[in-house]
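Asks: Quick one, fold the following:
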Amino acid sequence: MLGLPIIEVALCLIGLFVLLSVIASALQEWWAAWLKLRAKTLREGVKNLLFDEKWTKRVYAHPRIKTLRRAHRGLPSYLASETFAEVVLDLLREDAQAGNPDGLTEALSFEELSATVEKIANPTLKEFLSDVVRSSQEQVAAAKTRLATAFDETMDRASGWYQRHVKSTLLVIGLVLAIVLNVDAIGIVQHLWKEDAIRKQLVAEIEQGEFASDPERSRGQISSFPIGWDISTAPPQLWWIREWSGYEESQVSRPLLLETGSYRTTMFPQTLSGWFTKGLGLLLTGIAVSLGAQFWFDLLSRVMKMRATGEVPKAKGD
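Replies: Numbers count the residues shown, from 1 in each chain. Predicted coordinates:
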């Protein structure tokens with residue numbers, strides 16, 4: 001088994017990032033659900049495809065879309081491409097047969113589709129649907145397929161918008177967690193490099209195989225790491241932190257928020273260069289969390305496999 005200190009430090013740091021990322025991902029999902037971000041991103045994608053707010057409202061007012069709403073409120077967070085295409089064609093059928101004394105017929109003919117598209121006032125939407133009509137080879141079914149394909153392509157872009165928002169949110173959450181919990185990546189690496197006993201204890205916990213499967217367990221496991229703020233080392237300029245934490249000089253030195261013991265990494269910096277290094281370490285932690293839990297889970301698995309492989313035995317006679 002490969003037990004090099006640098007591998008063990010990397011394993012501990014990755015394990016810490018796994019724990020923080022699990023917590024951050026849970027907070028991000030809660031935030032996205034509260035903001036209804038998926039549903040809003042979907043609607044924005046539909047609007048970008050149709051180039052028309054009025055038509056977007058018509059699509060969302062259609063009975064097929066209304067049934068997708070949770071408890072018939074708000075906006076749906078998912079829409080199948082075939083459903084979208086069928087709704088658009090149904091709206092075009094309504095426009096084409098609006099003056100029909102016999103009401104709406106069972107199906108939309110290609111001639112009705114072509115004529116209705118030509119009457120659309122919005123030039124951008126008209127151009128988009130005209131392209132759909134031209135590429136459908138005079139078949140309504142082909143037009144439906146083309147609409148579904150265009151929807152999928154737009155949703156791929158919308159997914160990119162959502163993922164960028166997720167990453168930026170994870171970065172903010174990661175920075176907040178790093179600052180509040182004092183998760184200084186640089187300081188932790190330096191500490192674990194010097195403290196063999198703590199490093200090996202953390203490695204043993206990580207190698208048990210039951211690691212950070214959910215946010216509740218993550219909060220418990222994270223207390224094993226040398227993080228937190230030692231209030232007794234706060235400079236006079238940060239008197240408000242002492243008051244907020246209820247710290248008194250007679251108390252035994254203890255970290256803020258997490259009972260992890262008194263480590264050098266939990267101390268407040270006393271110099272400008274110390275604050276710069278601390279800030280850089282906190283920033284690196286925030287950026288690491290923004291990469292997501294899956295990234296760190298995969299990297300953790302690779303490092304553990306590499307450590308388990310060990311050194312290649314030398315051939316006899318070497």
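
Asks: How many residues are close by residue 156?
Replies: 10 (other Cβ atoms under 10 Å). Glycine gets a C-beta too; all of them are placed from N, C-alpha and C.

Asks: can you give me how far the helix or strand where it lies is from the chain middle?
Replies: Here residue 156 sits within helix 140-181, counting by DSSP states H and E. Centroid displacement of helix 140-181 relative to its chain, using Cα atoms, centre = their mean, to the nearest Å, is 10 Å.

Asks: Show me what the helix or strand that it is followed by packs onto, helices and strands only.
Replies: As assigned by DSSP H and E, the chain's next helix or strand after helix 140-181 is helix 185-194. Packing partners of helix 185-194 (3 or more Cβ pairs under 8 Å, 6 or more residues apart in numbering; DSSP states H and E): helix 5-35, helix 196-206, helix 272-290.

Asks: mind listing what's buried in the second one?
Replies: By neighbour count, and taking 16 or more other Cβ atoms under 10 Å as the criterion, the buried residues in helix 196-206 are 198-199, 202-203, 206.

Asks: Measure how that helix sits relative to helix 5-35, angle-wise.
Replies: 50 degrees (axes from the mean of the first three to the mean of the last three Cα atoms, to 10 degrees).

Asks: on contacts alone, who are the packing partners of helix 196-206?
Replies: Where contact means 3+ Cβ pairs under 8 Å, 6+ apart, helix 196-206 is packed against helix 5-35, helix 185-194.

Asks: mind checking how far that helix is from the chain centre?
Replies: 30 Å.

Asks: outside of that helix, which residues touch it?
Replies: Contact with helix 196-206 is made by 5, 8-9, 11-12, 15, 191-193, 211, 221, 224-226, 300, 304, as judged by Cβ atoms under 8 Å, 6 or more residues apart in numbering.

Asks: and the residue lying closest to residue 44 once chain neighbours are set aside, what does it touch?
Replies: Nearest residue to residue 44, sequence neighbours excluded (Cβ to Cβ, 6 or more residues apart in numbering): residue 158, at 6.7 Å. Contact partners of residue 158, counting by Cβ under 8 Å, 6+ apart, are 41-42, 44-45, 48.

Asks: what's the answer for residue 167, then?
Replies: With contact taken as Cβ under 8 Å, 6+ apart, residue 167 is in contact with 290, 292.

Asks: pLDDT score for it?
Replies: We have a pLDDT of 92 for residue 167.

Asks: Also residue 231?
Replies: Note on residue 231: pLDDT of 71.

Asks: Neighbours of it, how many?
Replies: Using other Cβ under 10 Å: residue 231 sits among 21 other residues.

Asks: With the one 4 residues further on instead?
Replies: Close neighbours of residue 235, defined as other Cβ under 10 Å, add up to 11.

Asks: What sits closest to it if chain neighbours are left out?
Replies: Nearest residue to residue 235 in three dimensions, chain neighbours excluded: residue 268, at 6.1 Å (Cβ to Cβ, 6+ apart).

Asks: Please confirm that that neighbour is located within a strand.
Replies: No - using DSSP: H, G, I helix; E, B strand; the rest coil, the secondary structure at residue 268 is coil, not a strand.

Asks: hang on, isn't it packed against residue 233?
Replies: Yes - assessed by Cβ atoms under 8 Å, residue 268 is found in contact with residue 233 at 4.6 Å.

Asks: who's more crowded, those two?
Replies: Per other Cβ under 10 Å, whichever of residue 268 and residue 233 has more neighbours is residue 268, with 18 against 15.

Asks: Could you report the pLDDT at that one?
Replies: If you check residue 268, the pLDDT there is 79.

Asks: Same check on residue 203?
Replies: With respect to pLDDT, residue 203 has a value of 83.

Asks: ok, back up a step: tell me the most buried of the helices and strands packed on helix 185-194?
Replies: helix 5-35 (a mean of 20; mean count of other Cβ atoms under 10 Å).

Asks: and after that one, which helix or strand comes next?
Replies: Counting by DSSP H and E, what follows helix 5-35 is helix 37-50.

Asks: and that next one, how far out from the chain's middle?
Replies: Its chain's C-alpha centre and that of helix 37-50 lie 18 Å apart, by Cα atoms, centre = their mean.

Asks: who touches that helix?
Replies: Helix 37-50 is touched from outside by 31-32, 53, 56, 59-60, 74-79, 84, 125, 128, 150-151, 154-155, 157-158, 161-162, 165, with contacts defined as Cβ under 8 Å, 6+ apart.

Asks: tell me which residues of that helix are tucked away?
Replies: By neighbour count with 16+ other Cβ under 10 Å, helix 37-50 contains the buried residues 37-43, 45-47, 49-50.

Asks: And for stretch 163-170?
Replies: Counting neighbours by 16+ other Cβ under 10 Å, one finds that the buried residues in stretch 163-170 are 165-166, 169-170.

Asks: follow-up on the earlier one: now, among the contacts of residue 158, which is nearest to residue 179?
Replies: residue 41 (28.7 Å; Cβ to Cβ).

Asks: how close does the closest residue to the closest one other than its chain neighbours sit to residue 38?
Replies: Leaving aside its sequence neighbours, residue 41 sits nearest to residue 162 (Cβ to Cβ, 6+ apart; 4.8 Å). Applying Cβ to Cβ, to the nearest Å, the value for residue 162 to residue 38 is 7 Å.
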